[in-house]
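S.K.: Need a 3D model of the following:
(4 chains)
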2 protein chains.
Amino acid sequence: MKNPLHNLESRELAARLSAAEPPAEIDPKLDALVREIIERVADKWTMLVLEVLEEHGTVRFTRLGELVGDISQKMLTKTVRQMESDGLIIRTVHPVIPPRVEYTLTPLGHSLSRAFCGVWIWAEQHYDEIERSRQSFRRRSSEEQ
Amino acid sequence: MKNPLHNLESRELAARLSAAEPPAEIDPKLDALVREIIERVADKWTMLVLEVLEEHGTVRFTRLGELVGDISQKMLTKTVRQMESDGLIIRTVHPVIPPRVEYTLTPLGHSLSRAFCGVWIWAEQHYDEIERSRQSFRRRSSEEQ
DNA sequence: CCTATTACTCTCCTTTGGGTAAGTATGAAT
DNA sequence: ATTCATACTTACCCAAAGGAGAGTAATAGG
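M.R.: This is a model prediction of the structure:
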């Protein structure tokens, strides 16, 4: 039992289970899998690489780094390796010197990019609202002191 | 200059700028803002809390932790504080003993939840594909050794 | 007087994220 | 012989994420 918030005595737990929401409707195993994917995929570097490849098509390593913006080689390598392992991108190595490695989205990658599209649009539409909210929060916090 | 991948000599940079994509079409300041929001909001705890509140409506602190799953009190507090500051949730403190604090989504929170909906659906639809991809990646990695 | 309750906060600790800088492989060009 | 190019890898380091567990405030009920 890893979660300290789960330390309920069994009678209380039983009471809650019988009282609360209907039959729970979701398979816990599938839920765990989906969560793991969400955790992995909802990573800022992954999202940024995804967006760059969606916009620019096939791109080489160094250029990809430039387009993503402040990312170190280490993080870029790590991110693309993970994305390759997850089947989001394909990595093509041309056996020439100097090396030439190209990255491009798979259909799965494109579909994820489309799924994230709504979040990008949301961010564009609401960043000013968030900014205002943060300011008033700071004001409230300092006032109540 | 923070990004090592940006160390291009100026002539090469100029060449690339003139050769590459059209006029760049996006305001860099807005782009930076949007990125910052994405980075903050595309956080696993934020996404999970968002989903729980979307599904269960108004929820108290301890219950929220149970519903999210393995999250420590520390992280839960930090996450909800940030979400409150960003205007995604409202936190209602009832001045009673023992304390009673309720969390609920704002309209902004609901809209973000809707934006993320596509990602949840994507994860549900593709987790098996990702799993297969990871397995074949591991197989390939160990083979080429 | 003691206990239970809730939503925290605080301290201590380990793990992960992530930056910097240097090194590597290899052939073509100077 | 040296330099350059590219896509890394490795070693070292610091900061942030995050878990474990104890403590706290204040009151109602035994």
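S.K.: Now do the same contact list for the most centrally placed residue in chain A.
M.R.: In chain A, the centroid-proximal residue (CA atoms, centre = their mean) is residue A:42; its distance is 0.9 Å. Taking CB atoms under 8 Å, 6 or more residues apart in numbering or on different chains, we find residue A:42 in contact with B:42-44, B:47, B:119. (Glycine included, C-beta is placed from N, CA and C.)
S.K.: Could I get the phi/psi values of it?
M.R.: phi -80, psi 60 (degrees, to the nearest 10).
S.K.: Now do the same for it: its pLDDT.
M.R.: Looking at residue A:42, its pLDDT stands at 79.
S.K.: pLDDT weak spots in chain A?
M.R.: A:1-28, A:145 (pLDDT under 70).
S.K.: near DNA strand C, which residues of it show up?
M.R.: A:43-45, A:70-75, A:97-99 (CB under 7 Å from any atom of the strand).
S.K.: Can I have the buried ones of those as a ChimeraX selection?
M.R.: To isolate the buried members of the residues of chain A next to DNA strand C in ChimeraX, using 16 or more other CB atoms under 10 Å in any protein chain shown:
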select /A:43,44,45,71
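S.K.: Narrow the residues of chain A next to DNA strand C to those in helices?
M.R.: A:44-45, A:73-75 (DSSP state H).
S.K.: the strands in chain A, which residues?
M.R.: A:59-60, A:89-94, A:100-105 (DSSP state E).
S.K.: Now do the same contact list for the residue nearest to residue A:68 when sequence neighbours are not counted.
M.R.: Spatially, and ignoring its direct neighbours in sequence, residue A:68 is nearest to residue A:48 (4.9 Å; CB to CB, 6 or more residues apart in numbering or on different chains). With contact taken as CB under 8 Å, 6+ apart, residue A:48 is in contact with A:68-69, A:71, B:35.
S.K.: got the residues you listed as JSON lines, with distance to residue B:112 columns?
M.R.: Formatted as JSON lines, the contacts of residue A:48 follow (distance: CB to CB, whole Å):
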{"residue": "A:68", "distance to residue B:112": "24"}
{"residue": "A:69", "distance to residue B:112": "23"}
{"residue": "A:71", "distance to residue B:112": "25"}
{"residue": "B:35", "distance to residue B:112": "16"}
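S.K.: Now for the residues you listed: which two are most distant?
M.R.: A:71 and B:35 (11.6 Å; CB to CB).
S.K.: Would you quantify the distance from the closest residue to DNA strand D within chain A to residue A:89?
M.R.: Closest residue of chain A to DNA strand D, CB to the nearest atom of the strand: residue A:98 (3.1 Å). As judged by CB to CB, to the nearest Å, residue A:98 and residue A:89 stand 21 Å apart.
S.K.: Once you drop chain neighbours, what's closest to the residue nearest to the centre of chain A?
M.R.: That would be residue B:42: by CB to CB, 6+ apart, it lies 4.6 Å from residue A:42.
S.K.: so the spatially closest residue to residue A:84 that is not a sequence neighbour bridges to which residues?
M.R.: Among residues not flanking residue A:84 along the chain, residue A:91 sits closest, at 5.0 Å (CB to CB, 6+ apart). Beta bridges link residue A:91 to residue A:103, judged by DSSP bridges.
S.K.: dump the residue contacts of residue A:91.
M.R.: A:80, A:84, A:101-103 are the contacts of residue A:91 under CB under 8 Å, 6+ apart.
S.K.: Could you export the residues you listed to JSON lines, including columns for neighbour count?
M.R.: Output for those, formatted as JSON lines (neighbours: other CB atoms under 10 Å in any protein chain shown):
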{"residue": "A:80", "neighbour count": "22"}
{"residue": "A:84", "neighbour count": "18"}
{"residue": "A:101", "neighbour count": "13"}
{"residue": "A:102", "neighbour count": "17"}
{"residue": "A:103", "neighbour count": "24"}
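S.K.: Max pairwise distance over these: which two?
M.R.: A:84 and A:102 (12.0 Å).
S.K.: show me where chain A has helices.
M.R.: Under DSSP H, chain A gives helices at A:10-19, A:28-41, A:44-56, A:61-68, A:73-85, A:107-143.
S.K.: So what's the gap between the last one and the chain middle?
M.R.: A distance of 14 Å separates the C-alpha centroid of helix A:107-143 from that of its chain, computed with CA atoms, centre = their mean, to the nearest Å.
S.K.: quick one: residue A:106 and residue A:89 touch, right?
M.R.: Yes. Using CB atoms under 8 Å, residue A:106 is in contact with residue A:89, at 6.2 Å.
S.K.: between these two, which one's more packed in?
M.R.: The neighbour count for residue A:106 versus residue A:89, taken as other CB atoms under 10 Å in any protein chain shown, is higher for residue A:89 (24 against 18).
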